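> got a sequence here, can you build the structure:
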Amino acid sequence: MDVNKVAVSINKAINTQEVAVKEKHARTCILGTHHEKGAHTFWAVVNRLPLSSNAVLCWKFCHVLHKLLRDGHPNVIKDSMRNKADLNDMGRMWGHLNEGYGKLCSIYLKLLITKMEFHVKNPRFPGNLQMSNRQLDEAGENDVNNFFQMTVEMFDYMECELNLFLAVFSSLDMSRSISVTMAGQCRLAPLIQVILDSSHLYDYTVKLLFKLHSCLPADTLQGHRDRFQEQFKKLKSLFYRSSNLQFFKRLIQIPQLPENPPNFLRASALSEHISPVVVIPAESSSPESESVVETEDLVDTDVPALAAAGETRFDDLFGMSAASDPFNFSGQNGMSKDEKERLIEQLSAELQALRDEMETFRMESGRLCQALRGRANELEAELAEQSHLKLQALGETEFLRAELDDLRRVRVDTEKEQRSVTEIERKAQANEQRYTKLKEKYTELVQSHADLLRKNAEVTRQVTVARVAQDEVETVRREMQERVRSVQESALQQESAQREELLVLQVELQSCRAELDALKSNVDSTQQVEEGLKARLSALETENVGLQAQVKSKEAELAGLGEELERVQNSLTSERERGVKAAEILQNQINEKEHHEQELERTLGVMRWSALQAALEEAERIVMDSLGQLELPAHLTCSSSADYLLSRCQAAAESVDRLDGARGRFQADESGVSQLVQAVTQFGHLLGDSIVQGGATLNMAPVEQAGALTECVKLCGTEALSVLQQLKAPETLSAVEVTRLRTALTSMMSTAEKLRPRGLELQQGELGDLVEQEMAAASAAVESAAVRIEEMLNTSRTVDTGIKMEVNERILASCTELMEAIKVLVLSSKELQKEIVESGRGAASMKEFYVKNSRWTEGLISASKAVGWGATMMVDAADSVVCGKGKFEELMVCSHEIAASTAQLVAASKVKADKDSTNLTRLQQASRGVTQATAGVVASTKSGKSQIEETDTMDFSSMTLTQIKRQEMDSQVQVLELESRLQKERQRLGFLRKKHYELAGVAEGWDEDGEGTG
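Numbers count the residues shown, from 1 in each chain. So this is what the prediction gives:
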């Protein structure tokens, strides 16, 4: 395709007429991008158009660019990204207008930039956003994080589309048929591209949100759902309003969104989602392209078919004879000329109706074909999705079958375990019954065994008593006496034991009676035995009477003992109760005392912490007050020396160590709170003093070192506040870290060490050598500057011509004169210094003289450095001015700086010089020569600047009224900005001069004895 033809189509498509872009020109531009595989020609033509001065031109440019980004070659997006910065600037410029095309252009440019950025971040998406579900999954790489980010980017993209939609509708008067006017169609035409993009974005957003809800919790996606709901309402309303406009009815079939948004919390709702399909007739075009036809680009291919249709209709009406001679109307039933003309008009109208009907049929068939294609694509997508769901269902079925088999196996195992548990329970019940029976039998056996033991004991006792009775009565008597004696001894025992003993005696008495009866039955055996038994019986009866009397007395004694025992028990019980009550009273008093001691200890702890908190808060206020003083304007007048700052920092570092030690002791024993309070108070005062002295020192420091010292001071204050804050809470008391604070103090001391005057560190030999070196360096710098100026002068004579050569020669000549004057001044200063040294050193050497007068020597060194530096800077400024890169003001400032430096050198030399010295007179003359040469440089620079500015005349002949007004506004803005900058720079210059004077004073020892703040 011819590049010139593409360029012509671009210029025709993007013009200042407020009509819609013609479809054929846009189509040619699109084909051109595919032909050259990019948009180089498009941007080459567009960059020459005045897009920033005509809003309609910019609006149509945005429309064409949108079409190219959608339907053009894929490289169009890459080529357009190179102009992203220009589009941003243009959007901000048009954004200052609040009405008309300006605001629309700003919103449209933002949309185009967002579209390009979206396609750059997601290269898998084509420009027209048409993708299948499989391609959508591949674009996200099946990663939920990618889908999440892609959804956010689509929301941003859709937001820009809706903003343009709303802006266009709000700029139109919808009460009139604005869509049939040229101006209305110009604004509405780009919305076709917006509708196409929005339909795809809506479809993809719904699908991605369903994917995200299947992978992430619903609470996480609440923001996505809220944003989708808002965009859904806007998009549905805009689609409905657009479908009612006559302009869109002829060109595009706008889909209608469902009544309610999809429910993402229900996964099955995805099957109910219908992708919106936008149908564009195959032969549709804008009204302008239909009404304005260019014969060199278009060929009417419909004429033969229409002509054939007309002939067929003519034959049907008039027969074949008439068709053979259609213009011979004389033999047709004698019709008049008017009737023939009427018939011709009727046939022409029918022919036009047939053409319209055919065109309508063609458009309808194209629309139906497009709808069928969309439906086919939708059915294919649904089929693919159903296949995917089928595969998922098969996978889930296999998984469920496996789970069912596992459940069956578990069920069988459970049944076996249940049977075994039942058997075990049955056995356990049987064992329990058996155990119960055995326990009962064992209890019976134990009871019977106890009965038998008791019976055995009784029988044994009876047998023993019988044997004793049979053996000897005396033995019985002794036994009875022993028993009485044992009864007497056991009388003090409890009543129960005595009663048991009495029962035993009664049993024995019965046994004795039984034995006596047995003996009586045997009286008849022998007389002797009978007599003996009688005697024994009488004796036993007598003894029995005595024993009964003794038993009664013992019972009476036992009764008395029982009463005494009961009385003792009662008294013991009352004493025990009184002891318990006394013990309870004592225990309560002890508990109250312990509680009181605990309360006192708690109160003491609270008082300790309150004292510590008060000390910490006071220290914190001191540190914060010190930091606040750094920001006060009045503090800028304070000054301090680096040596005093070092001493304060060292004291603060020692207080940090004492604070850390006191904290450890307090943590081990809280009674040492007084030491910690003292350490905190000392720490706050010393650290606040260090911060204040640091702020006063940085007021006298150079700019670079002042910035470093400022950071160190602020960091020290911040770390100190952090340490104090940690000391406030008992939880963080053990975790207090002072290492960072020590590091901040160390960096502050190192910075202060760098600020100490260099002359204090120099040895005696170095100071004298440094004077000679600096004077030699200044002379060398002046010589080098003179040589460079001569070279620049020769170069300017060979390269420049006319006024520029004249201006450069005059400036360089004045600079050469200034360098010669400076050279003479430096030589005169050297001679005067030699004279001063020779006259004032006496028997000492030159170096010893310099060391003795170190402050004067440092002044000479500083002045020599300033002269050399000023010469170098002036040559650089002159070189920039001659090359056309610098400013005349820089050269004038350098000249004034050189004059000031030489004046400083003269002043430093005059301090110790003799008033009648000839070298001093020569130095003063050289200083006046430098002043005159400086004035010559300034005068030549101002003259050259005025000549150059006179040649640069302004040409406003080609500018329109609007452009001139725009330039006038820009000039007013620039004047206000320059005035504001001038005022600020003047204030900054004053502060710099003041700071330079203070730093120079510190460097030369003007305030050597002052160590505090001033």
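
> and the helix of greatest length in the chain, what does it pack onto?
For the chain, the longest helix by residue count, based on DSSP state H, is helix 337-471. On a contact count with 3 or more Cβ pairs under 8 Å, 6 or more residues apart in numbering; DSSP states H and E, helix 337-471 meets helix 133-140, helix 303-324, helix 473-489, helix 495-521. Placement of C-beta: from N, CA and C, glycine included.

> go with 6 Å
Secondary-structure packing of helix 337-471 (3 or more Cβ pairs under 6 Å, 6 or more residues apart in numbering; DSSP states H and E): helix 303-324, helix 473-489, helix 495-521.

> looking at the ones you listed, which has the lowest confidence?
Mean pLDDT values for those show the minimum at helix 303-324, a mean of 41.

> can you list the weak-confidence ranges in the stretch 601-750 of the chain?
634-637, 639, 672, 700-704 (pLDDT under 70).

> do a quick rundown of the strands in it.
Using DSSP state E, counting those that start in this stretch, no strands are found in the stretch 601-750 of the chain.

> can you tell me the SS state at Glu259?
coil (DSSP: H, G, I helix; E, B strand; the rest coil).

> tell me how many other residues crowd it.
Neighbour count for Glu259, taken as other Cβ atoms under 10 Å: 6.

> what of Thr33?
With other Cβ under 10 Å as criterion, Thr33 counts 23.

> you'd agree it is up against His73?
Yes: with contacts defined as Cβ atoms under 6 Å, Thr33 counts as touching His73 at a distance of 4.3 Å.

> which element is the residue nearest to the spatial centre of the chain on?
Nearest residue to the geometric centre of the chain (Cα atoms, centre = their mean): Gln149, 16.9 Å. Gln149 belongs to helix 144-170 when elements are defined using DSSP states H and E.

> and that helix with helix 133-140, angle?
110 degrees (axes from the mean of the first three to the mean of the last three Cα atoms, to 10 degrees).

> next, the buried residues of helix 144-170.
With burial defined by 16 or more other Cβ atoms under 10 Å, the residues of helix 144-170 counted as buried are 147-148, 150-151, 154-155, 157-162, 164-165, 168-169.

> so for Ser175, what's the pLDDT?
At Ser175, pLDDT is 64.

> hmm, Asp689 is touching Ser647, no?
No: applying Cβ under 6 Å as the test, Asp689 and Ser647 come out as separate, 10.2 Å apart.

> which of the two has more neighbours?
Asp689 (18 against 15).

> how about the contacts made by that one?
Listed by Cβ atoms under 6 Å, 6 or more residues apart in numbering, the contact partners of Asp689 are Arg648.

> now it: how far from Val736?
Distance, Asp689 to Val736, using Cβ to Cβ, to the nearest Å: 22 Å.

> circling back to that earlier point, what's the angle between the longest helix of the chain and helix 133-140?
Using the same axes, to 10 degrees: helix 337-471 against helix 133-140 is 60 degrees.

> tell me the angle of the host helix or strand of Lys554 relative to helix 337-471?
Here Lys554 is covered by helix 527-629, with elements defined by DSSP H and E. Using the same axes, to 10 degrees, one finds that helix 527-629 and helix 337-471 are set 150 degrees apart in direction.

> show me what helix 527-629 is packed against.
So helix 527-629, by 3+ Cβ pairs under 6 Å, 6+ apart, packs with helix 495-521, helix 673-698, helix 703-728.

> the last one: which residues count as buried?
Along helix 703-728, these residues count as buried under the neighbour rule (16+ other Cβ under 10 Å): 705-706, 708-710, 712-717, 719-721, 723-724, 726-727.

> hang on, the earlier thing: OK, contacts around the residue nearest to the centre of the chain?
Gln149 touches nothing, counting by Cβ under 6 Å, 6+ apart.

> need the pLDDT of it.
For Gln149, pLDDT reads 91.

> distance check, it against Leu978.
Counting by Cβ to Cβ, the gap from Gln149 to Leu978 is 46 Å.

> likewise for Thr220?
Distance, Thr220 to Leu978, using Cβ to Cβ: 54 Å.

> before we move on, what about Lys416?
For Lys416, the distance to Leu978 - Cβ to Cβ - is 98 Å.

> one more: Ala402?
For Ala402, the distance to Leu978 - Cβ to Cβ - is 82 Å.

> Arg82 too?
From Arg82 to Leu978 the distance is 34 Å (Cβ to Cβ).

> again, but for Gln963
For Gln963 relative to Leu978 (Cβ to Cβ), the value is 22 Å.

> and for Thr816?
On the measure of Cβ to Cβ, Thr816 and Leu978 end up 33 Å apart.

> which one of those two is surrounded by more residues?
Neighbours were counted for Thr816 and for Leu978 using other Cβ under 10 Å; Thr816 has more, 19 against 11.

> show me what the one helix or strand the more buried one maps to is packed up against.
Following DSSP H and E, one finds Thr816 within helix 802-840. With contacts defined as 3+ Cβ pairs under 6 Å, 6+ apart, the packing partners of helix 802-840 are helix 764-799, helix 888-910, helix 918-951.

> average pLDDT for the next helix or strand after the last one, rounded please.
Next in sequence after helix 918-951, counting helices and strands by DSSP H and E, comes helix 961-1003. Confidence over helix 961-1003 (mean pLDDT, whole number) is 78.

> taking helix 888-910 as reference, get the angle to helix 961-1003.
10 degrees.

> run the chain-centre distance for helix 961-1003.
37 Å (Cα atoms, centre = their mean, to the nearest Å).

> relative orientation of that helix and helix 673-698 in degrees?
Using the same axes, to 10 degrees: helix 961-1003 against helix 673-698 is 110 degrees.
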